[in-house]
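Q: have a look at this prediction, sequence included:
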Amino acid sequence: MFIAVGFLVRRWRMSIWPALARYLIVLFCVWAGFGLSSDVVTSNIIRYLGISIVFGTGALLVADILWDILFLIRKKFFRGRDDNGYLLPSFVGEIFRAMELLANRRIGALVVIQKKIDLEPYLSASIPFDAQVKSEILVALFATSSPVHDGAIVVTNGRIKRVKAILPLATNHPLPMGFGTRHRSAIGITEKTDAVVLFVSEERGEMKIAYHGQLIRADSRNEFLKYLLAALKGKRIHSQLQDLSRDPIKRAV
């Protein structure tokens, strides 16, 4: 019964079934051939063949279903880059896509990803919000026509929880005169917490990462994802930048 239902529900999606069907037909013919004999030994062979066909088919069906379940889990919780093997939590993938779109349009944006340290005490002002992290929502919130575009978006536990947030400014590093409020805010919140910040400079249309008081601009999407994953895993970004610059703040200029 279970196997029959499985065939009916999944017959259009099972790429393995054409070859398997031929194998089962052969077994069935052998089984039917033995069935023409009334010999006791032959009867035992028939029984064992029948059991093998049922359990073998059922096992393959269950394995195929489990494979699909694992695929859906990966699709829901991890959205990768794909061509280089970088895997991102799905909400971070949405942020990354939004940042790319905003950078191409030269629209300033700043997203703070909260990790272990609560960011609430460090926000001088913000507006409560609650929404799923989607690239379309982020792009709409940062659009210049949006009433909340000026300020940071705070993402907590994979959801947008604060908009138009005012962050503390950097105090631990002397920064170049060309750095505006967005740069100083991105560095400032990461000096005081373990948060990871992704932001876009509207002047140059560049995406950057801030983490542990460091500001990083990658030369490629691959590098950007490499540094982003390092930050999300709690690794020190400067250890990733030794081959680029000894001073990650200068590297970001």
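A: Yep, that arrived.

Q: extract the CA atoms of the host helix or strand of F129 and return them as PDB.
A: F129 is part of strand 125-132, with elements assigned from DSSP states H and E. Included here for strand 125-132 are C-alpha records, laid out as PDB according to Å, rounded to 0.1, in the frame of the first residue of the first chain:
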ATOM      1  CA  ALA A 125      17.100  55.800  18.900                       C
ATOM      2  CA  SER A 126      15.300  53.300  16.700                       C
ATOM      3  CA  ILE A 127      11.800  52.300  15.500                       C
ATOM      4  CA  PRO A 128      10.500  48.900  16.400                       C
ATOM      5  CA  PHE A 129       9.800  46.700  13.400                       C
ATOM      6  CA  ASP A 130       9.100  43.000  12.800                       C
ATOM      7  CA  ALA A 131       9.400  41.400   9.400                       C
ATOM      8  CA  GLN A 132      11.000  38.600   7.600                       C
END
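
Q: which neighbouring elements make contact with it?
A: The contact analysis (3 or more Cβ pairs under 8 Å, 6 or more residues apart in numbering; DSSP states H and E) places strand 125-132 against strand 159-166. Placement of C-beta: from N, CA and C, glycine included.

Q: report the buried residues of the strand holding F129.
A: Residues of strand 125-132 classed as buried under the neighbour-count rule (16 or more other Cβ atoms under 10 Å) are 126, 129.

Q: ok, it: who's next to it in the sheet?
A: Strand 125-132 has the following sheet partners, assigned by DSSP bridges: strand 159-166 (antiparallel).

Q: not counting the strand it pairs with itself, show me its contacts.
A: 91, 112, 114, 119, 123-133, 137-138, 141, 148, 150-156, 185 (Cβ atoms under 8 Å, 6 or more residues apart in numbering).

Q: could you point out which element follows the strand holding F129?
A: Past strand 125-132, further along toward the C-terminus, the next helix or strand under DSSP H and E is helix 135-142.

Q: quick one: mean pLDDT over that following helix.
A: Mean pLDDT, taken over the full extent of helix 135-142, equals 96.

Q: ok, stretch 114-124 next?
A: In this model, stretch 114-124 has a mean pLDDT of 93.

Q: pull out the buried positions in that stretch.
A: By neighbour count, and taking 16+ other Cβ under 10 Å as the criterion, the buried residues in stretch 114-124 are 114-115, 119, 122-123.

Q: could you work out the most separated pair of those?
A: The largest distance within these, taken as Cβ to Cβ, falls between K115 and L123 and amounts to 15.4 Å.

Q: mind pulling the model confidence for the residue nearest to A170 when sequence neighbours are not counted?
A: Closest residue to A170 apart from its sequence neighbours, by Cβ to Cβ, 6 or more residues apart in numbering: I187 at 3.9 Å. Note on I187: pLDDT of 91.
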